[in-house]
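# Generate a structure from the sequence data that follows.
(chains A and B)
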2 protein chains.
Amino acid sequence: MFREKIKVLDCTIRDGGLINKHDFDFKFVRAVYKALSEARIDYMEIGYKNSKKLFSEKEYGQWKFCDDEHIKKVIDGIESQTKISVMVDVDRVDVEDVKPRKESPVSMIRVACYVKDIDKAIFLVNQFADKGYETTVNIMAISKAMDTELTEAFHQLEEECKAGVIYLVDSYGSLYQESTEYLVKKAKSIIKSKEIGIHAHNNQQLAFGNTIEAIIHNANYVDGTVYGLGRAAGNCPLELILGFLKNPKFDIRPVLDLISKEFIPLREKMEWGYIIPYAITGILDEHPRAAMALRDSDKKENYREFYESLIGSGETQ
Amino acid sequence: MFREKIKVLDCTIRDGGLINKHDFDFKFVRAVYKALSEARIDYMEIGYKNSKKLFSEKEYGQWKFCDDEHIKKVIDGIESQTKISVMVDVDRVDVEDVKPRKESPVSMIRVACYVKDIDKAIFLVNQFADKGYETTVNIMAISKAMDTELTEAFHQLEEECKAGVIYLVDSYGSLYQESTEYLVKKAKSIIKSKEIGIHAHNNQQLAFGNTIEAIIHNANYVDGTVYGLGRAAGNCPLELILGFLKNPKFDIRPVLDLISKEFIPLREKMEWGYIIPYAITGILDEHPRAAMALRDSDKKENYREFYESLIGSGETQ
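Reported below is the predicted structural model:
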């Protein structure tokens, strides 16, 4: 697949930070930035821009806050065309913390929200757009959104929102190709003036397949992470995206090197990937939190009981 | 997806046997058979029927030969609707070793071949059909077959072959959804009197996605293995197929139990799954043998060098 408009965003540090409270050290983050730059990835998302009034710097690492000076320390001296992105959550950011783009190393700000918070997201993202940033709105848990709500949200995004890209986020890793096709086509049919993006989780080993499916139906922004790193089952592996996209600007080799040197050792210390409890929450279209709790318990391999607890604890009418 | 005609074949022991010279012990194979029976899987493929003139019983375990008495020992006393399947390779089987179906615990024989050997496969499979077996022809390395060869083979299979099912086998794990769709549609357009099956490898984490894609385009026979066990990157995980198929006859729970009790410990001793050198051979549409050799060497995590050796050693004109 070669379509020049396709942009690849790596969110290894941002999504991976959900596992370790955003506490990756500088050396590691710099190694990732260097490899992504050599691979000519379009964007690197480095963390969240959260309010320090709401979260403590004692409890969380620096990529929960993404101060400009910390970002500068990562990128300093590395030749790169890779732009820096940060994510913000509705209700968790101080807009005044965000300087005008010209004064910041950040190029893109992505606002994550549930469909019910679309008004807040639009209000927020428009302010970042006015500060000069490239912007996106990322609609999380899209598999749980009611179709009518989604229709309304897509119309609002098309009409009221300055973001250049609207991302569909399969937070629970529960989409199949048919549902991905449906959602991308629906978004494209309403949101005509913006690009569509896809962020897929890998609970059912479908993150890459669903990303391809979205590309087939003209999504042009795709998220990946190195070796699939990310909370719970993780994300679409960046290296597979690079193997699939035929744009000659991309180079898979620095990413392969990075996996050898940094991610194989990391996987010994940090857990993510295809793990049955996450597959189960994906199949059942549920948040992975129950599976994450299970993996922290002494019943971590007790899959049948876990499955039965989830199907047994649902609504009774 | 609920289509009653869809049949699920588990080939855990057969494909997994390629890792350990078909030397699974009786207790393990019996545990698999019991769980598959409780899950109401349609077929369990237990191994290969190879000639003892060509392969030594000293070098290989019993599932390389699948003597009827060994199969009987596995299934004895377990209530089951799950039929037993064995695979044969062209040129490696003694037809006279195969008793008439009525005298055997085997219900299905699958003949694996490359497209160039289609005449031999048809000659062979027709003999097994005449002995009363359900039969399939499995075309391996389908991503490497020339389109014109495939057209001819499909016509021959439709016109000369008694097998009930023709399988498309993505031996290298290199297919994407679009190529899977193309191949299944092509097969369906020529082979009208038989069912189409799909056997996918998981090098690029697309085994499940490609299996779904084949189902969407009316393939009705799908292969899976428990926890994706299989040579190199392994196969489409059976548990994911069961989560996707909505036929109420299937029960995922015995398979979850089996993974907890048998496959998590097994994975400590035996390697398969998403491993970068296998992803690389999948991306490059190559046999995994170079990657398997790498994994047995002290350069097992040296991905960049491996990638460069593969792209550097290709044809020069």
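# name the element residue A:91 belongs to?
Taking DSSP states H and E as the definition, one finds residue A:91 inside no helix or strand.
# so who does it touch?
For residue A:91, the contacting residues are A:117, A:120, by Cβ atoms under 8 Å, 6 or more residues apart in numbering or on different chains. C-betas here are computed from N, CA, C, even on glycine.
# how near is it to residue A:61?
Residue A:91 is 21 Å from residue A:61, where distance means Cβ to Cβ, to the nearest Å.
# With residue A:19 instead?
When Cβ to Cβ is applied, the distance between residue A:19 and residue A:61 equals 11 Å.
# Show me where chain A has its strands.
A:7-10, A:43-48, A:83-89, A:106-113, A:134-139, A:165-170, A:195-200, A:221-224 (DSSP state E).
# Of those, which is nearest chain B?
Counting by Cβ to the nearest Cβ, chain B lies closest to strand A:195-200 out of the strands of chain A; the figure is 10.9 Å.
# by contact count, what packs against that closest one?
Under the contact definition 3 or more Cβ pairs under 8 Å, 6 or more residues apart in numbering or on different chains; DSSP states H and E, strand A:195-200 sits against strand A:134-139, strand A:165-170, helix A:177-190, helix A:207-216, strand A:221-224.
# and that strand, which strands flank it?
Here strand A:195-200 has these sheet partners by DSSP bridges: strand A:165-170 (parallel), strand A:221-224 (parallel).
# Around residue A:281, count how many other residues there are.
Residues lying near residue A:281 (other Cβ atoms under 10 Å in any protein chain shown) number 27.
# That one reaches residue A:201, doesn't it?
No. Counting by Cβ atoms under 8 Å, residue A:281 does not reach residue A:201; the two are 9.9 Å apart.
# what's the overlap in contacts for those two?
Jointly contacting residue A:281 and residue A:201 under the rule Cβ under 8 Å, 6+ apart are A:172-173, A:232.
# Contact partners for residue A:104?
Under the criterion of Cβ under 8 Å, 6+ apart, the contact partners of residue A:104 comprise A:68, A:98.
# and the residue in chain A that chain B sits nearest to, how many neighbours?
Across chain A, no residue is closer to chain B than residue A:209, which sits at 2.7 Å (Cβ to the nearest Cβ). Summarising burial for residue A:209: neighbours were counted as other Cβ under 10 Å, giving 30.
# Now do it, the pLDDT please.
Confidence per residue is given as pLDDT, and for residue A:209 that number is 98.
# And residue A:2, by the same measure?
Listed pLDDT for residue A:2 reads 77.
# One more: the one 10 residues further on?
Looking at residue A:12, its pLDDT reads 98.
# For it, which residues are in contact?
Contacts for residue A:12 (Cβ under 8 Å, 6+ apart) come out as A:32, A:44, A:225-226, A:229-230, A:238.
# Save those as CSV, and put in pLDDT too.
Below are these laid out as CSV (pLDDT from 0 to 100):
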residue, pLDDT
A:32, 98
A:44, 98
A:225, 98
A:226, 98
A:229, 98
A:230, 97
A:238, 98
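# what two of those residues have the greatest distance between them?
A:44 and A:230 (14.4 Å; Cβ to Cβ).
# on that earlier part again, take the helices and strands packed on strand A:195-200 and write them to a markdown table, including distance to residue B:310.
Below are the helices and strands packed on strand A:195-200 laid out as a markdown table (distance: least, Cβ to Cβ, whole Å):
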| stretch | distance to residue B:310 |
| --- | --- |
| strand A:134-139 | 36 |
| strand A:165-170 | 32 |
| helix A:177-190 | 29 |
| helix A:207-216 | 20 |
| strand A:221-224 | 22 |
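# For residue B:302, which of these is the nearest?
Smallest distance to residue B:302 across the helices and strands packed on strand A:195-200 (Cβ to Cβ): 22.5 Å, for strand A:221-224.
# CA-only coordinates of the closest one, as CSV, when you get a sec.
Output for strand A:221-224, consisting of C-alpha atoms alone and laid out as CSV, is shown next (Å, rounded to 0.1, in the frame of the first residue of the first chain):
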residue,chain,number,x,y,z
TYR,A,221,-3.6,8.7,10.0
VAL,A,222,-2.5,5.5,11.7
ASP,A,223,-1.1,4.9,15.1
GLY,A,224,1.4,2.3,16.0
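# mind listing what the closest residue to residue A:21 other than its chain neighbours touches?
Of all residues not flanking residue A:21 in the chain, residue A:60 sits nearest, at 5.0 Å (Cβ to Cβ, 6 or more residues apart in numbering or on different chains). With contact taken as Cβ under 8 Å, 6+ apart, residue A:60 is in contact with A:21-23, A:50.
# Any of those residues buried? List them.
For the contacts of residue A:60, a burial check counting by 16 or more other Cβ atoms under 10 Å in any protein chain shown picks out A:22, A:50.
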